[in-house]
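Asker: After the sequence you'll find the predicted model.
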Amino acid sequence: MNNSLSKVSSWFGGLILIITVFYIIFFDPSKFNPDYGSYEKLYNIIKNADFRIYFNKFAFLDYFVRVFDFTGTYDGFRLIFASIEVLLFFIIIKNLKIGFKSLTFFISLTLSAFLLIKIHVQIREGFALLLWFLSLNSIQKEKYISLKNLIFFLISSLLHTSTLIFWISTFILKYKNFSPKTKRRLIVILFSLIGLSIWPFFANLIAIDYYDLINFESINNMSSSKIFYWLSFLVIFILIFKSENSKITYINQKSIGNINSSYIGNIGFYGFIGFVPIAGLAFLSGAVNAGTFNLIFRIVLNLLFLISFYRSSTQPKNFYTNILNSFLFIVVLRLLLFPNIN
């Protein structure tokens, strides 16, 4: 009786949280949204400019505004765009076996965190990530590289270049001629290279759009509380990774499971292992400014979301899964309530 009551309470609490987040996304888009004003300026620039075909990191936002702006207002456009993103999100979590009936309060924490940060705030990156997630729904098919997924890839990577690393990782895992061990090592190497690009010397050798406005001056006021906060990300990961390796799972088995949760989990875990140590050294050495700090945070948060979705799909009731989901919600809530605190 008590167990049944606990399940119902958990389900109902999770549902209330999700509904609250939906209300904010659809009916109060400026609430807890540090990027609201920036996208409003972009919207107004696009609306007041003549149409032209071009390619840069804001090009597809331009196209989306012109295609989906039926209302003629910024909030109206956001409502339509958010509706499309939420629909895609539901398709994705359904294929991850995270359904309405299996919802728990702790699962709702990570879903709410993702909805708030990627669909409510970071709308470009959110849509780009959703297209990548959506492509994984057909990962079990022999021919992953289809016309549909090629279109998803082009829109996703052009809309936000940060998703390229997830697409490349997927192609690595799908490639038949590599052993599972080699595939995982290549993902570690790939994300290590991304971490290495944070360092000023290597960043100056490449031309990537997210470095355009960066000058490499150290972040000041590095306090012990900030170091403790960022070390907590590493501690959480170690706990989850240790839990994952306590038995045979998609992350350590001798083959790569040909389902979306396996791909998401492998990229999340081995991407974190490759990226965080290299980027963390740059961060602690003082070679990071506000621009690169933002890049580090985005990648780390995305990787933890992948791990969280994987665990919520494969081990939804695990204690450490609940810890990770709670941690992500707290991190996102802190970011939205106190956006100026690093």
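Answerer: That came through, no problem.

Asker: just the helices in the stretch 101-250 of the chain please.
Answerer: Applying DSSP state H, counting those that start in this stretch to the stretch 101-250 of the chain gives helices spanning 105-114, 123-135, 147-159, 164-174, 180-196, 200-203, 224-244.

Asker: want to throw these into JSON lines with mean neighbour count and mean pLDDT?
Answerer: No exception for glycine: its C-beta is placed from N, CA and C like everyone else's. Formatted as JSON lines, these follow (neighbours: other Cβ atoms under 10 Å; pLDDT from 0 to 100):
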{"stretch": "helix 105-114", "mean neighbour count": "24", "mean pLDDT": "98"}
{"stretch": "helix 123-135", "mean neighbour count": "23", "mean pLDDT": "96"}
{"stretch": "helix 147-159", "mean neighbour count": "17", "mean pLDDT": "93"}
{"stretch": "helix 164-174", "mean neighbour count": "19", "mean pLDDT": "96"}
{"stretch": "helix 180-196", "mean neighbour count": "18", "mean pLDDT": "95"}
{"stretch": "helix 200-203", "mean neighbour count": "15", "mean pLDDT": "58"}
{"stretch": "helix 224-244", "mean neighbour count": "15", "mean pLDDT": "92"}
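
Asker: quick one: which of the ones you listed is nearest residue 267?
Answerer: helix 164-174 (4.6 Å; Cβ to Cβ).

Asker: Give me the packing partners of the closest one, helices and strands only.
Answerer: helix 123-135, helix 147-159, helix 180-196, helix 260-284 (3 or more Cβ pairs under 8 Å, 6 or more residues apart in numbering; DSSP states H and E).

Asker: Out of those, flag the one nearest residue 84.
Answerer: For these, distance to residue 84 was read as Cβ to Cβ. The smallest value, 7.9 Å, belongs to helix 123-135.

Asker: quick one: which of the helices of the stretch 101-250 of the chain is nearest residue 59?
Answerer: helix 147-159 (6.6 Å).

Asker: Run through who's touching the closest one.
Answerer: Contact partners of helix 147-159, identified using Cβ atoms under 8 Å, 6 or more residues apart in numbering, comprise 55, 57, 59-61, 124, 127-129, 131-132, 134-135, 138, 163-164, 167.

Asker: Can you point out the buried residues in stretch 38-53?
Answerer: 39-40, 42-43, 46 (16 or more other Cβ atoms under 10 Å).

Asker: now those in CSV, with distance to residue 147, secondary structure and pLDDT?
Answerer: As requested, those are exported to CSV (distance: Cβ to Cβ, whole Å; DSSP: H, G, I helix; E, B strand; the rest coil; pLDDT from 0 to 100):
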residue, distance to residue 147, secondary structure, pLDDT
39, 31, helix, 93
40, 35, helix, 94
42, 30, helix, 89
43, 31, helix, 90
46, 28, helix, 87
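
Asker: nearest to residue 76, of those residues?
Answerer: For the buried residues of stretch 38-53, the residue nearest residue 76 by Cβ to Cβ is residue 43; the value is 10.3 Å.

Asker: Could you check how far that closest one is from residue 71?
Answerer: Per Cβ to Cβ, to the nearest Å, residue 43 is found 12 Å from residue 71.

Asker: about what we covered before: minimum distance to residue 99: which of the helices and strands packed on helix 164-174 has it?
Answerer: For those, proximity to residue 99 was assessed by Cβ to Cβ; helix 260-284 is nearest, at 13.5 Å.

Asker: Name the residues contacting each of residue 43 and residue 71.
Answerer: residue 77.

Asker: Please identify the helix or strand for residue 305.
Answerer: Using DSSP states H and E, residue 305 sits within helix 290-314.

Asker: Now do stretch 10-30: everything it contacts.
Answerer: Residues outside stretch 10-30 that contact it (Cβ under 8 Å, 6+ apart): 31-32, 36, 75, 78-79, 82-83, 86, 103-109, 111-112, 115-116, 119-120.

Asker: now with 10 Å?
Answerer: 31-33, 36-37, 39-40, 74-75, 77-79, 81-83, 85-86, 100-109, 111-116, 119-121, 123, 317, 329, 336 (Cβ atoms under 10 Å, 6 or more residues apart in numbering).

Asker: Which helix or strand lies directly C-terminal to the helix holding residue 305?
Answerer: Sequence-wise, the next helix or strand downstream of helix 290-314 (DSSP H and E) is helix 319-337.
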